[in-house]
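Participant: curious how this folds, go ahead:
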Amino acid sequence: MGKTGKKSAWKLFLIVIATVLLAILALRLFPDLSPKPLRLIRTWKAHKSPITSIAFFPDGQRLLSASWDGTVRVWKVNDGIKRAEEGNEKF
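Facilitator: Residues are numbered from 1 along each chain as shown. Below is the predicted model of the structure:
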């Protein structure tokens, strides 16, 4: 490796070290930036076949789920209780 190659490698090394140090400093100063581990909040026994769509109502308190079995269900988010069900028509 020539003189120019060594200088370029050294500059790249310094850039990488500076980037890592800045990332560590940023995570120390702003701990909210670090990713939080995911945790399971709630599971529901919802449909007999795979769910194809879900959507929250604008109030954020209810969830709508639709499935290949032809049903649409409305759930209360806080307790997971099914509030309504429509469907099962065969096409």
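Participant: list the contacts of the lowest-mean-pLDDT helix or strand in the chain.
Facilitator: Sorting the helices and strands of the chain by mean pLDDT, DSSP states H and E puts strand 82-87 at the bottom, at a mean of 78. Residues outside strand 82-87 that contact it (C-beta atoms under 8 Å, 6 or more residues apart in numbering) are Arg62, Asp69, Gly70, Thr71, Val72, Arg73, Val74, Trp75, Lys76. (Each C-beta comes from the backbone N, C-alpha and C, glycine too.)
Participant: list only buried entries from those.
Facilitator: Arg62, Thr71, Arg73, Trp75 (16 or more other C-beta atoms under 10 Å).
Participant: among those residues, which two are most distant?
Facilitator: Using C-beta to C-beta, the pair of these lying farthest apart is Arg62 and Thr71, separated by 15.9 Å.
Participant: reformat the buried ones among the contacts of strand 82-87 as TSV; add distance to Phe13 and secondary structure.
Facilitator: Formatted as TSV, these follow (distance: C-beta to C-beta, whole Å; DSSP: H, G, I helix; E, B strand; the rest coil):
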residue	distance to Phe13	secondary structure
Arg62	55	strand
Thr71	60	strand
Arg73	57	strand
Trp75	54	strand
